[in-house]
Structures are given as C-alpha cells and as structure tokens.
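[1] heads up, no residue letters with this:
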C-alpha cells in the first residue's frame with residue numbers, strides 16, 4: 001500500500017504544478033482592485049473635472065508654492081478646469097486665523113493659463129456639475145472681435161455731459177474721486193456696454209490723474225510709523241485718525257514693497273468695489289487686470305521687481321485683452337503698458353538685465369519665463385512672435401549675437 005501512496009502523491013503534485021504554470025489567456029485574467037484603480041486614475045478614462053474659486057483674487061502660480069510667479073488672479077466663484085495633477089506634499093497657510101495644510105492643484109484658467117492653486121482656496125464640483133461645465137465649454141465658439149458701436153445722439157449728449165462734469169472737478173479736492181464716482185453711478189446705470197466702457201475709461205483716466213497728483217505730494221516716508229501694523233495685520237485701519245481718513249478719502253492705502261518697505265499706493269480694491277457691479281463685462285475684465293498692475297506692480301522706476309514669469313504673464317494678459325477688444329477706450333494706456341513690459345521681458349532692466357556676463361548670455365530666470373510663456377499661457381499674438389525668437393536663442397546656446405538681435409527685433413514688429 002505504501003508504494004501506491006507514493007505514486008498517487010507524485011501524480012497529484014505533477015498535476016498541480018502543470019496547472020499553476022499553465023499560461024492564462026489575456027482576456028481571462030481577473031481584474032482585481034489594482035486594475036480598477038489604474039483605470040480610474042487614467043487621464044484617458046477620467047471625465048473632465050472643474051473647481052470653483054472660493055476666495056477673491058486667488059493667485060494662479062507658475063509653480064506649486066507660495067513663491068511661484070503669479071500668472072493670473074482668479075475671481076471669486078469663477079470656475080476653472082482641474083488638470084488631474086496635484087502635489088504629494090502640503091503647504092502650511094494661515095487663513096482667517098486658522099492654520100491649514102493643503103495640497104496644490106494644477107488648473108487651466110478661462111484665459112488659457114495653466115498653473116497651480118492652493119487647495120484651501122478651491123472647491124471641487126460634483127461630477128454632474130463638471131459635466132455641465134464641460135458641455136458649455138465644448139459648445140462655445142471662438143469669440144469674435146468686438147466691433148466698436150456707433151453712439152446715438154442721446155448717448156453722445158450723456159457722454160458729453162459726463163465729460164464736462166469730470167473736467168470741472170479739481171484734483172486738489174480730496175473728495176474728487178468720490179464725486180466723480182458718484183457721477184458715474186448716477187448717469188450710467190443700464191447703459192449699453194460701449195457707452196459704459198467709455199464712461200468707465202473716462203473715470204479711470206481721472207483716477208490716474210488724481211493719484212499721480214497726490215502721490216507726488218505725499219511721500220511714503222511720512223507714514224513709516226504704520227509699517228509694523230501693516231506687516232502684522234496685512235493692512236492698516238484707515239479710520240484711526242484724521243490723516244489716515246484723508247488718505248482713505250483720496251482712495252489711497254498702504255502696501256508692502258518687494259523689500260518689505262511701506263508704500264503708499266492707490267486703493268484700487270476700494271475703487272474696484274465701487275464701480276465693479278455697474279461695469280460691463282469688458283470693463284470688469286479690464287478692472288481685474290488693472291487692479292493687479294496697480295496693487296502688485298512688476299516694474300517700479302524702470303526696474304523689474306517681481307519674477308520674470310510674472311512679467312511675461314502680465315504682458316500676455318494685456319495682449320489677449322487687446323486682441324479681443326482692439327478699440328477699447330483705454331487702448332493707448334494698455335499699449336503703453338505692453339511696450340514697457342515687452343521691453344523688460346526681452347532686454348531686462350538695469351537691476352536685472354536679460355543678458356549678462358562675458359560673453360553675454362540669457363539669464364536662467366528669463367529662460368524659464370520664456371518656457372512658461374510658451375507652455376503655460378495659452379494662445380496670443382505675442383506668443384506666436386516669441387516662439388521663433390526662443391528657437392533662435394536655443395540654436396545660439398542663449399549667447400547674444402547679431403542673429404539673436406535680429407530675431408529680437410521681429411518680436412517688436
């Protein structure tokens with residue numbers, strides 16, 4: 001009996017070995033949890049997902065950290081597309097007195113910029129809401145250029161009257177901007193967009209003139225006592241004494257400079273809140289870009305004071321705006337800004353030249369900005385002009401020469 005048991009056991013082992021080593025056809029392989037997870041995380045199988053911005057002026061950054069260049073500021077409740085990418089690490093940010101540790105998420109704005117937003121400032125939409133936004137996005141056709149409308153005789157009379165009232169206001173009057181804003185609010189409710197755009201442009205031109213006058217006469221050094229309050233709380237109570245109330249009446253406020261110094265700047269946030277609700281759609285887009293330029297300037301006294309990528313983003317934002325609205329009322333001011341930004345982007349400034357050393361070579365931060373411009377900022381006429389210039393730079397190993405000079409000149413055309 002014992003030999004028989006040996007034979008039976010040997011046969012059984014041989015049978016099991018053959019069964020375990022036999023190849024299973026590909027289609028017959030079971031799909032366990034790992035397979036399902038891979039399919040779920042695959043970009044090809046993932047439905048589009050959107051997030052809503054939950055704070056005003058959320059910064060869209062070029063890199064997932066608090067030092068990343070600001071590509072764009074996103075409005076409260078605006079919806080942007082999540083690009084299925086997030087950080088494995090979290091960043092500590094204090095929000096409303098509460099410490100938050102959140103991941104960063106990569107998104108694409110409606111302006112075409114791709115960058116990173118802090119997780120504590122967004123809210124993921126449900127799959128149903130995301131699909132609705134995707135269907136809206138797919139159904140949208142390219143927006144045609146806005147043609148300048150003809151003004152009716154009634155429009156022209158109202159515009160003329162507004163212009164006369166604004167011209168009579170003395171900029172030496174500390175309540176001048178408040179008076180001009182009240183005229184705008186009272187005379188242009190429910191007017192057609194072209195008329196409201198004209199009136200808003202007139203009001204902003206007056207605001208620029210007034211602030212230029214007062215900033216020349218009110219040196220920031222006079223208010224250095226408020227620097228510690230500004231650093232500690234992020235703002236200064238402008239109602240605590242008579243001199244600060246006068247600044248508030250002038251729509252002026254304090255801000256921290258790039259080196260931590262106190263600056264006296266136009267209180268564009270207050271001005272924007274007054275006129276935003278009445279401004280037409282194009283005017284609101286302008287106000288958002290304008291506020292960013294005033295509150296966080298990239299150039300000061302001819303020098304670059306913010307990351308080069310941020311400089312590039314401002315330039316492209318204004319380029320896209322004029323592509324959409326070539327006859328906008330403040331076109332001359334925008335063109336002037338574009339010229340300053342383009343020159344700084346291509347040549348740098350005394351404190352940060354684009355080319356330096358011997359031989360002169362394009363600096364790394366400019367190289368990075370050009371790469372971000374081409375890869376993260378969507379489509380714009382200036383991006384098309386920059387692409388061949390960047391190609392020439394790479395071919396010449398970023399060392400300045402006659403060929404690079406010629407390619408650079410074409411960008412200005």
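    Received, thanks. Since the model is a prediction, treat every value here as computed from it, not as a measurement.

[2] residue boundaries of the strands in the stretch 1-150 of the chain?
    With DSSP state E, counting those that start in this stretch as the criterion, the stretch 1-150 of the chain has strands at 49-53, 58-61, 70-74, 79-86, 91-95, 98-102, 104-108, 114-118, 122-124.

[3] between those strands, which one is nearest to residue 353?
    Among these, the nearest to residue 353 by Cβ to Cβ is strand 70-74 (22.7 Å). All C-beta spots, glycine's among them, are computed from the backbone N, C-alpha and C.

[4] tell me the mean pLDDT over stretch 330-345?
    For stretch 330-345, mean pLDDT rounds to 95.

[5] Buried ones in it, by neighbour count?
    For stretch 330-345, a neighbour-count test (16 or more other Cβ atoms under 10 Å) marks 330, 333, 334, 337, 338, 340, 341, 342, 344, 345 as buried.

[6] Would you state the helices of the stretch 251-400 of the chain in chain order?
    268-275, 281-295, 308-324, 331-347, 364-376, 381-395 (DSSP state H, counting those that start in this stretch).

[7] Least confident secondary structure element in this protein?
    In the chain, no helix or strand scores lower on mean pLDDT, DSSP states H and E than helix 33-41, which sits at a mean of 31.

[8] Please identify the deepest-packed of the helices of the stretch 251-400 of the chain.
    With neighbours taken as mean count of other Cβ atoms under 10 Å, the helices of the stretch 251-400 of the chain reach their highest mean count in helix 308-324, at a mean of 23.

[9] From the contact counts, what lies against that helix?
    Identification of packing neighbours for helix 308-324 by 3 or more Cβ pairs under 8 Å, 6 or more residues apart in numbering; DSSP states H and E yields strand 70-74, helix 281-295, helix 331-347, helix 364-376, helix 381-395.

[10] Tell me who's in contact with the closest residue to residue 368 other than its chain neighbours.
    Counting by Cβ to Cβ, 6 or more residues apart in numbering, residue 368 lies nearest to residue 309, which is 6.4 Å off, once chain neighbours are set aside. Residues near residue 309 by Cβ atoms under 8 Å, 6 or more residues apart in numbering: 62, 69, 71, 365, 368, 369, 372, 373.

[11] From those, pick the one nearest residue 50.
    Closest to residue 50, out of all of these and judged by Cβ to Cβ, is residue 71, at 18.2 Å.

[12] Quick check: that closest one touching residue 373?
    No. In this structure, residue 71 is not within contact of residue 373 by Cβ atoms under 8 Å, at 9.8 Å.

[13] which one of the strands of the stretch 1-150 of the chain lies closest to residue 296?
    The nearest among the strands of the stretch 1-150 of the chain, by Cβ to Cβ, is strand 70-74 at 7.0 Å.

[14] Who does that closest one pair with, and is each partner parallel or antiparallel?
    Strand 70-74 has the following strand partners under DSSP bridges: strand 58-61 (antiparallel).

[15] which residues sit in contact with residue 258?
    The contact partners of residue 258, by Cβ under 8 Å, 6+ apart, come to 300, 305, 306.

[16] from the contacts of residue 309, which is closest to residue 244?
    Nearest to residue 244 out of these is residue 69 (Cβ to Cβ; 32.7 Å).

[17] picking up where we left off before, kindly reformat the strands of the stretch 1-150 of the chain as CSV containing mean pLDDT.
    Formatted as CSV, the strands of the stretch 1-150 of the chain follow (pLDDT from 0 to 100):
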stretch, mean pLDDT
strand 49-53, 92
strand 58-61, 93
strand 70-74, 89
strand 79-86, 93
strand 91-95, 90
strand 98-102, 91
strand 104-108, 95
strand 114-118, 95
strand 122-124, 94
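
[18] And those: which comes nearest residue 276?
    Of all the strands of the stretch 1-150 of the chain, strand 70-74 comes closest under Cβ to Cβ, at 13.7 Å.
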